[in-house]
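# Sequence first, predicted coordinates after that:
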Amino acid sequence: MELLEKVQLEIERYIGRLRTEQHVDGSWRYCFEAGPVTDAYMMILLSTLNSQDKELIPLLGRRLLNKQAANGAWKQYDDDEGHLSSTIEAYTGLLLSGYLDRHDRHMQLAEAFILRNGGVEKAHISTKFMLALNHLYPWPAFYPIPLFLLHMPKFIPFSFYRWSSYVRTHFAPVLILCHRKFSLRKPSASDITHLFVTRKYRRLNRKGRWLHVFSKRRRANPISKAAIKKAESYMLQNIVQDGTLSSYASATFFMIYALLSLGYEHDSPVIQHAIRGLTSFGYPINDETHIQNSPSTVWDTALICHTLQEAGLTTEDPAIRNAAQYLLALQQRDLGGRRGNASVHLAGGWGFSEGSTANPDVDDTQAVLRALTRLADHQLDYREAWRTGVNWLLGMQNDDGGWAAFEKNSVPSITRLFKIQNFVDTAVDPSAADITGRTLEFLGSHFRLTMAHPRVQDSVHWLIKNQKKDGSWYGRWGISFIYGTWAAVTGMRAVGMSADHLNVRQAIDWLLKIRKSDGGWGESCKSDIRKEYVPAPYSTVVHTAWALDALIAVHEQPTEEINKGLANLMEWNRQESKRSSYPTGAGLPGHFYIHYHSYSRIWPLLTLSHYRKKYKVCSL
């Protein structure tokens, strides 16, 4: 069978599969799967609040055990040797929930790994924070981010309200908890002092009592009281319909502890609502459950709706109609949620999750706009929503020409004063090649802007300025250089940059240079940590689709590399394997990576559709 015939059949197979997986409300709901942190935190929370769910804890526990490596560690990605903080979190969740005791073989293996790698003392600050909340680690005498930043007006560079929306959401409860040095401990809870390497950290009770007295004196300060009240109000105002804090499980865990520290009872409506919201984030995987940190329903639905249209479905198709109606209802209609960014004066964007409407972001907005473009050509309600969304998107362009994920003109330099692990990675939101490239591709393909437009010129200039010497671009929200390079190349080509342009040629040469011997592409999450390309031990479905799509955007005729890669892509994706499950989404460098279960459906189908369209294959 000719390759083009196989492409056609594969496109039809993907379409059929996606039709059967669409929900009645028009959405697609796939798992947003990450490491053990949310599962472990949920087990600890339910146990500590004496709210043990007889069904949920075993389901979470089974997932944790099935994810443990032979060396006793938990990993963030397949070629990770073992992640210390993840292992401590998983161990603590299994222990405090009572699912396993410390003498179990799995726990002994984990304990040995933790001690070999420096013990709890070497854990990430977020892990230590979780342990301190449960009286398992001493609160520091001084926290590097002072509470008074909540009093600073927005025009002050280091004001709380100038941080990214992600950090504001998480640090509102964190600042309360750090100021009050709050700990919650079950009388019968186990301790983890055996996981400490140095003796000074084992003197937990005496130090904890001293800090508790110290924090009482600080709580009497009227300025601190006012700041805590502001943080409390910020949390309560950003609770979404499902009870979670801005649709983040991680922030919701912290919010529950913060509310308890402020005197809320365990059975108060707001806390019980939050716990139900967290439970609703559970995604069943075989006989296990995973607590998603932030369900990706809007993101997945937008990408699939657009991809199906690229594959040949019309706007009259029920799958497209239902998905579009679902997306239309989730557009931001007012500015109530954009309290933190003084540069944003328009509503009209979309968020990542159903509860993220009040906090839209650039990538989700351009994804939804792609999905709605064809409908906007014919229907007034979609046209108005589309125009509003495009205006919001254009309004989010940074002064440097690029686009960031959440914020406009975020100020990066001042945050380096706060010596907290990964704080700079999250507190500020600078222009990113992946966001800029994908936005540029939308503006070229769907808004018909070209290199003649000043906004496009600024954007292309930013991309050229930020291209690496080897021809690649770093992608902030995907793994990593393949992702960024694909986004930049397809974006620049969409607005009319020549395939022979030096920067495009350098990017394509780099992609061909890193092509693996099996004809595919694969990149390790280690790239995100080292900030340089590191190959994965094998080709992945998603990386291969991204690389091929970039090549297709440049070549007028299919090349040998494109054809071989495409044949492999179709073969590899016919069965679940590590090629399709390797994390290709990035959250927090070194600590949070995502396996989007939707990606092995979306990106191969989009690439196959572009191949068919570019190389004159008949339509469906």
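That came through fine. Numbers count the residues shown, from 1 in each chain.

# going forward, measure contacts between C-alpha atoms and count neighbours the same way
OK.

# ok, now which ones touch P360?
Q332, G349, W350, G351, F352, F406 (CA atoms under 8 Å, 6 or more residues apart in numbering).

# Now do the helix or strand hosting Y593: everything it contacts.
Taking DSSP states H and E as the definition, Y593 sits inside strand 592-596. Among residues not part of strand 592-596, those counted as contacts by CA under 8 Å, 6+ apart are 30-35, 76-77, 525, 581-587.

# Name the pair among those residues with the greatest separation in space.
Y30 and C525 (21.5 Å; CA to CA).

# Which of these two has more residues huddled nearby?
C525 (30 against 17; other CA atoms under 10 Å).

# where's the more buried one relative to L64, distance?
Distance from C525 to L64, counting by CA to CA, to the nearest Å: 21 Å.

# that older thread, most neighbours of all the contacts of strand 592-596, which one?
C525 (30 neighbours).

# confidence score at that one?
With respect to pLDDT, C525 scores 98.

# Can you give me the neighbour number for the nearest residue to L131 once chain neighbours are set aside?
In space, and not counting its chain neighbours, L131 is closest to Y137: 5.3 Å by CA to CA, 6 or more residues apart in numbering. Residues contacting Y137 under the criterion other CA under 10 Å number 27.

# before we move on, what SS does Y137 have?
coil (DSSP: H, G, I helix; E, B strand; the rest coil).

# gap between it and F182?
11 Å.

# same question, S356
S356 is 29 Å from F182, by CA to CA.

# Please apply the same query to G478.
35 Å.

# cool, K526 as well?
35 Å.

# Skip ahead from the longest helix seen in the chain and say which helix or strand is next.
Longest helix in the chain by number of residues (criterion: DSSP state H): helix 3-21. Using DSSP H and E, the helix or strand that follows helix 3-21 in sequence is strand 32-33.

# need the contact list for F32.
F32 neighbours (CA under 8 Å, 6+ apart): Q292, N293, S294, P295, S296, I594, H595, Y596, H597.

# Only whichever of those are buried, select them in PyMOL.
To isolate the buried ones among those in PyMOL, judged by 16 or more other CA atoms under 10 Å, type:
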select buried, resi 292+293+294+295+296+594+595+596+597
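
# just curious, which of the contacts of F32 is nearest to Y264?
N293 (24.0 Å).

# hmm, back to that, tell me which of the contacts of P360 fall in helices.
Using DSSP H, none of the contacts of P360 sit in helices.

# and of those residues, the nearest to G282?
Closest to G282, out of all of the contacts of P360 and judged by CA to CA, is F352, at 16.9 Å.

# for that closest one, what are its contacts?
Contacts of F352 (CA under 8 Å, 6+ apart): S294, P295, S296, T297, V298, W299, P360, D361, D364.

# any chance of those in TSV, plus distance to A550, secondary structure and pLDDT?
Formatted as TSV, the contacts of F352 follow (distance: CA to CA, whole Å; DSSP: H, G, I helix; E, B strand; the rest coil; pLDDT from 0 to 100):
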residue	distance to A550	secondary structure	pLDDT
S294	29	coil	98
P295	28	coil	98
S296	25	coil	98
T297	26	helix	98
V298	25	helix	98
W299	21	helix	99
P360	27	coil	95
D361	24	strand	96
D364	21	helix	98
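
# could you say what helices and strands the strand or helix carrying E232 packs with?
Assigned by DSSP H and E, E232 belongs to helix 222-237. Judged by 3 or more CA pairs under 8 Å, 6 or more residues apart in numbering; DSSP states H and E, helix 222-237 is in contact with helix 165-180.

# Next, the angle from the helix it packs on to helix 222-237.
Relative orientation of helix 165-180 versus helix 222-237 (axes from the mean of the first three to the mean of the last three CA atoms, to 10 degrees): 140 degrees.

# Next, the buried residues of helix 165-180.
165-180.

# same deal with stretch 74-89?
74-78, 82-89.

# from what I can see L260 touches D267, true?
No - with contact defined as CA atoms under 8 Å, L260 does not reach D267; the gap is 10.3 Å.

# can you dump the C-alpha coordinates of stretch 47-58 into CSV?
The C-alpha coordinates for stretch 47-58 follow below in CSV (Å, rounded to 0.1, in the frame of the first residue of the first chain):
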residue,chain,number,x,y,z
SER,A,47,-5.6,11.0,56.6
THR,A,48,-4.7,14.2,58.6
LEU,A,49,-8.3,15.5,58.5
ASN,A,50,-9.6,12.0,59.5
SER,A,51,-11.6,12.0,56.3
GLN,A,52,-10.1,8.8,55.0
ASP,A,53,-12.0,7.6,51.9
LYS,A,54,-12.1,3.9,52.0
GLU,A,55,-12.2,3.7,48.3
LEU,A,56,-9.9,6.6,47.2
ILE,A,57,-6.9,6.0,49.4
PRO,A,58,-6.3,2.4,48.1
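
# quick one: contacts of that stretch?
Contacts of stretch 47-58 (CA under 8 Å, 6+ apart): M43, L46, L96, S97, Y99, L184, R185, K186, H266, T289.

# Output the below-cut-off pLDDT ranges for the stretch 501-620 of the chain.
617-620 (pLDDT under 70).

# So what's the residue count around A302?
26.

# and it, what does it touch?
A323, L327, D364, A367, V368, R370, A371.

# ok, back up a step: take the buried residues of stretch 74-89 and keep only those in helices.
Using DSSP H, these in helices are L84, S85, S86, T87, I88, E89.

# Would you check how far apart the fourth one and T301 are?
T87 is 33 Å from T301, where distance means CA to CA.

# where does the protein have low pLDDT?
1, 52-53, 142-144, 186-189, 199-220, 336-345, 411-427, 617-620.

# Pick out the residue nearest the middle of it.
For the chain, the residue whose C-alpha lies nearest the mean C-alpha position (CA atoms, centre = their mean) is G587; its distance is 4.4 Å.

# before we move on, the earlier item: let me know the closest of the contacts of P360 to A110.
Nearest member of these to A110, counting by CA to CA, is F352, at 34.4 Å.

# That closest one and T315, how far apart?
23 Å.

# could you give the angle of the helix or strand that contains A302 to strand 592-596?
Assigned by DSSP H and E, A302 falls within helix 297-310. Interaxial angle, helix 297-310 versus strand 592-596 (the same axes, to 10 degrees): 40 degrees.

# for stretch 45-58, how far is the first residue from the last?
14 Å.

# need the strands for the stretch 201-350 of the chain, in chain order.
Counting by DSSP state E, counting those that start in this stretch, the segments of the stretch 201-350 of the chain that form strands are 282-285, 288-291.

# Using neighbour counts, pick out the buried residues of the first one.
Counting neighbours by 16+ other CA under 10 Å, one finds that the buried residues in strand 282-285 are G282, Y283.

# pretty sure the residue nearest to the centre of the chain is in a helix, no?
No - judged by three-state DSSP, G587 forms no part of a helix; its state is strand.
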